[in-house]
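Undergrad: The sequence isn't on hand, but the structure is:
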């Protein structure tokens, strides 16, 4: 259900931003009605519900001198038919500033912040049936110094946080710092190659977990403190962008590096990781985007097929999205994603493998009645196969929405 709401909100914001290109400001509202078959993503009893989402939308895309200020925000209230205890106020906000000086210095400052109901899909989390609000915040800054030749020097930094309202998910909260420094070579307008060093620091805070132990021969629930975990990762990134033609482009990253445990429990990791995205527009009406990745931690979540930020797990993922213009006002979109997460753990001297296999599919139809009025419907299906039975689930959701934008 959260996936569907996020998909709808992202589509509404992107559509509004695209339409607002001729006007630096917009504001509006939307209403969505959805049905979800498995709110808590459990393998046991059914927990379906209907949810109504009302949103206020606003955005800006304003240039002044050499600078550009941009942003989109959506504030939404969500009301459930059967599970009123899940009612919540959420939001999605993203934006930033493109800046440059008279000389060869330029850069970007950007942010992204969301507050939504959790997807309840974190691995190793005990199944719960209560409200769990997930908050994600990200702040990035990039500075670029153009050199005399086609080379430029780029320095970047980033900060991410993830939090949950339910104490059962304390183990999955995270704070991350990222730093990078490298050179970029603009071989031609169609080819860009970069080489950079990257340092990433992840910290999972200390928390308390409940465990059933024998006390005087009787099973007793006790609180066990778990120490904080810290990871440090060093990578060498080779990045590139290649415009193959006016209808096709590739963006990619290949990294070699090592992640080490600095505090608490966990596993070291070393090897190759990376991501590749191909955007292809074979006709004026059809656009296809294909993305693949192999990584650990938060870097695996760009496909939105696996929310886990576990440094111990290696995730390989694939996503394909398609958009097709049926008529001048009617648009069809569809997408599919697969992810495969693996980790090898040990207990009492014995090694054993753990896995998750996530799949999702979505299809939607959008009618652009006018520049500011949009109606649409969306269907989403997701599932997981896992070595842990309580992590296995299947869910589907469907709904329709309407949007009005004023400029």
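TA: Everything's here; your move. As the structure is a prediction and not an experimental result, all values here were calculated from the model. Numbering: from 1, shown residues only.
Undergrad: Any stretches of this protein with poor pLDDT?
TA: 1-22, 212, 297-312, 344-352 (pLDDT under 70).
Undergrad: try it again with 80
TA: The model of the chain has pLDDT under 80 over residues 1-22, 44-46, 102-103, 123-126, 147-148, 209-223, 265-267, 296-313, 343-354, 390.
Undergrad: Let me see the ranges of the helices in it.
TA: Secondary structure of the chain, counting by DSSP state H: helices at 2-19.
Undergrad: Give me the outermost residue of it relative to its centroid.
TA: Going by C-alpha atoms, centre = their mean, the residue of the chain most distant from its centre is residue 216, 47.2 Å out.
Undergrad: Identify the residues contacting residue 326.
TA: 285, 332 (C-beta atoms under 8 Å, 6 or more residues apart in numbering). Just so you know, the C-beta spots here come from the backbone N, C-alpha and C atoms, and that holds for glycine as well.
Undergrad: And it, how far from residue 285?
TA: Applying C-beta to C-beta, to the nearest Å, the value for residue 326 to residue 285 is 8 Å.
Undergrad: Now that residue 96 has come up, it's in contact with residue 107, right?
TA: No: applying C-beta atoms under 8 Å, one finds residue 96 not in contact with residue 107, separated by 10.2 Å.
Undergrad: Show me where the stretch 201-350 of the chain has its strands.
TA: 207-215, 218-226, 229-245, 248-263, 269-280, 286-296, 314-325, 330-347, 350-368 (DSSP state E, counting those that start in this stretch).
Undergrad: In CSV, list these along with mean neighbour count and distance to residue 165.
TA: Below are the strands of the stretch 201-350 of the chain laid out as CSV (neighbours: other C-beta atoms under 10 Å; distance: least, C-beta to C-beta, whole Å):
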stretch, mean neighbour count, distance to residue 165
strand 207-215, 11, 14
strand 218-226, 10, 19
strand 229-245, 17, 21
strand 248-263, 16, 26
strand 269-280, 16, 30
strand 286-296, 18, 26
strand 314-325, 18, 25
strand 330-347, 16, 25
strand 350-368, 16, 24
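Undergrad: follow-up on the earlier one: got phi/psi on the residue farthest from the centre of the chain?
TA: Recorded main-chain torsions at residue 216 are phi 60, psi 40, according to degrees, to the nearest 10.
Undergrad: Kindly report the same for residue 228.
TA: Note on residue 228: backbone dihedrals following degrees, to the nearest 10 are phi -70, psi 150.
Undergrad: Skip the chain neighbours and tell me the closest residue to it.
TA: Leaving out its chain neighbours, the residue that sits closest to residue 228 by C-beta to C-beta, 6 or more residues apart in numbering is residue 206, at 4.3 Å.
Undergrad: For the one you found, give me its contacts.
TA: Counting by C-beta under 8 Å, 6+ apart, residue 206 makes contact with 225-228.
Undergrad: Which single one of those residues is nearest to residue 46?
TA: Minimum distance to residue 46 across these is 32.9 Å, recorded for residue 226 (C-beta to C-beta).
Undergrad: Go ahead and confirm the closest one touches residue 208.
TA: Yes: in this structure residue 226 lies within contact range of residue 208 using C-beta under 8 Å: 7.0 Å.
Undergrad: Of the contacts of residue 206, which is the nearest to residue 395?
TA: Nearest to residue 395 among the contacts of residue 206 is residue 226, at 29.6 Å by C-beta to C-beta.
Undergrad: give the contact list for that closest one.
TA: Going by C-beta under 8 Å, 6+ apart, the list of residues near residue 226 reads 171, 206-209.
Undergrad: can we see that at 6 Å?
TA: For residue 226, the contact set (C-beta atoms under 6 Å, 6 or more residues apart in numbering) comprises 207, 209.
Undergrad: count of residues packed around the residue nearest to residue 357 when sequence neighbours are not counted?
TA: Once flanking residues are discounted, residue 357 sits nearest to residue 385: 4.3 Å by C-beta to C-beta, 6+ apart. Other residues near residue 385 come to 14 when the count uses other C-beta atoms under 10 Å.
Undergrad: Figure out which of the strands of the stretch 201-350 of the chain is closest to residue 49.
TA: Closest approach to residue 49 among the strands of the stretch 201-350 of the chain (C-beta to C-beta): strand 350-368, 19.1 Å.
Undergrad: Show me what the closest one is packed up against.
TA: Contacts defined by 3 or more C-beta pairs under 6 Å, 6 or more residues apart in numbering; DSSP states H and E place strand 350-368 against strand 330-347, strand 373-386.
Undergrad: CSV for the strands of the stretch 201-350 of the chain, including distance to residue 100?
TA: Shown next, in CSV, are these (distance: least, C-beta to C-beta, whole Å):
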stretch, distance to residue 100
strand 207-215, 44
strand 218-226, 47
strand 229-245, 20
strand 248-263, 22
strand 269-280, 26
strand 286-296, 29
strand 314-325, 32
strand 330-347, 35
strand 350-368, 35
